[in-house]
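Q: here is my input, please return the structure:
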Amino acid sequence: MYTCLKNDYPSFVPPPNKGGLLTPWAERGVLMLNTCLTVRAHEAASHANRGWERFTQKVIDLVAAKRTRGVVFIAWGTPAGKRVQKIDAKRHLVLKSVHPSPLSAARGFFTCGHFKKANEWLVGRYGDDGAVDWALAPKTSIFTKAGPEQGEDEKAEAEAEAAAEAGGDAELVELKPKSETVTDELKKGLKVVVDGVENVAPEVEL
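A: Numbering: from 1, shown residues only. Okay, the predicted model is just below:
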């Protein structure tokens, strides 16, 4: 997913230490939902056809029915694609791709452009506030251009001090943060990622 994000937003910075916590997305209005919410370790789809599909299908159908202004459904993988077959494509945006697992990601997922396509549609429907900040690393944002290289701030300070000591007029330098975090929470719309992370499902309150 990070490769796909980087292709869509070159300013995206992967979280440190190979982090994979997607809680920031949930806090910004993204509902992440696997087709099955439990699985035996290292056994993909081991809890399929045991009732989970009926539950998650009901969640998806309710979102599609209640959010009448439109939401984005992102379905990654064949099972996820089946869950969104009946979604009204005139009201909602439905994006499908292969699953971002090592076995299938190279068959089109890296270049599917779903993160950018979702935001373009949301901005068109809800305005600039509708876009999702997909950033995951602390104090970063996909909407902020890359900041100065490490050490540039320190270099500017040193040059100003040297000029002052030499008796010249020191240039006033405004040091800006290398990145600014978008703090406004999304208040309009709802984004749904189906099967976004294999074998990982956040707790959901219904």
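Q: do a quick rundown of the helices in the protein.
A: Shown for the chain, the helices assigned by DSSP state H span residues 2-8, 23-27, 52-66, 78-83, 114-126, 152-165.
Q: using a markdown table, lay out the ones you listed together with mean pLDDT and mean neighbour count.
A: Where you see a C-beta, it was placed from the backbone N, CA and C, and this is true even at glycine. Rendered in a markdown table, the data for the helices of the chain read as follows (pLDDT from 0 to 100; neighbours: other Cβ atoms under 10 Å):
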| stretch | mean pLDDT | mean neighbour count |
| --- | --- | --- |
| helix 2-8 | 97 | 18 |
| helix 23-27 | 97 | 14 |
| helix 52-66 | 97 | 15 |
| helix 78-83 | 96 | 18 |
| helix 114-126 | 98 | 18 |
| helix 152-165 | 50 | 12 |
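Q: quick check: which ranges of the chain have low pLDDT?
A: Judged against pLDDT under 70, the low-scoring parts of the chain cover residues 145-206.
Q: domain map for this structure?
A: The record's domain split for the chain, according to automatic domain parsing, is 2-143+181-194, 145-178.
Q: next, count neighbours for the residue nearest to Ser97 when sequence neighbours are not counted.
A: By the measure of Cβ to Cβ, 6 or more residues apart in numbering, the closest residue to Ser97 outside its immediate chain neighbours is Cys112, 4.1 Å from it. When neighbours are counted by other Cβ atoms under 10 Å, Cys112 registers 20.
Q: any idea how far Cys112 lies from Leu5?
A: From Cys112 across to Leu5, the span is 11 Å (Cβ to Cβ, to the nearest Å).
Q: check Leu33 too.
A: From Leu33 across to Leu5, the span is 19 Å (Cβ to Cβ).
Q: now His92
A: According to Cβ to Cβ, His92 stands 22 Å off from Leu5.
Q: hmm, Thr23 and Met32 touching each other?
A: No: Met32 lies out of contact with Thr23 (Cβ atoms under 8 Å); the separation is 9.8 Å.
Q: count the neighbours of Thr111 for me.
A: Residues contacting Thr111 under the criterion other Cβ under 10 Å number 11.
Q: repeat that for Val13.
A: 20.
Q: list the residues that contact it.
A: Ala135, Leu136, Ala137, Thr140 (Cβ atoms under 8 Å, 6 or more residues apart in numbering).
Q: for it, grab phi and psi.
A: Phi and psi for Val13, reported as degrees, to the nearest 10, are phi -120, psi 120.
Q: ok, Ser104 - contacts?
A: Contacts of Ser104 were listed using Cβ under 8 Å, 6+ apart, and they are Gly77, Val98.
Q: start at 17, not 1
A: Sure thing, new numbering starts at 17, so read that last one as Ser120.
Q: against Ala64, how distant is it?
A: In this structure, Ser120 and Ala64 are separated by 17 Å, where distance is defined by Cβ to Cβ.
Q: then Asp24?
A: When distances are taken as Cβ to Cβ, Asp24 and Ala64 turn out to be 31 Å apart.
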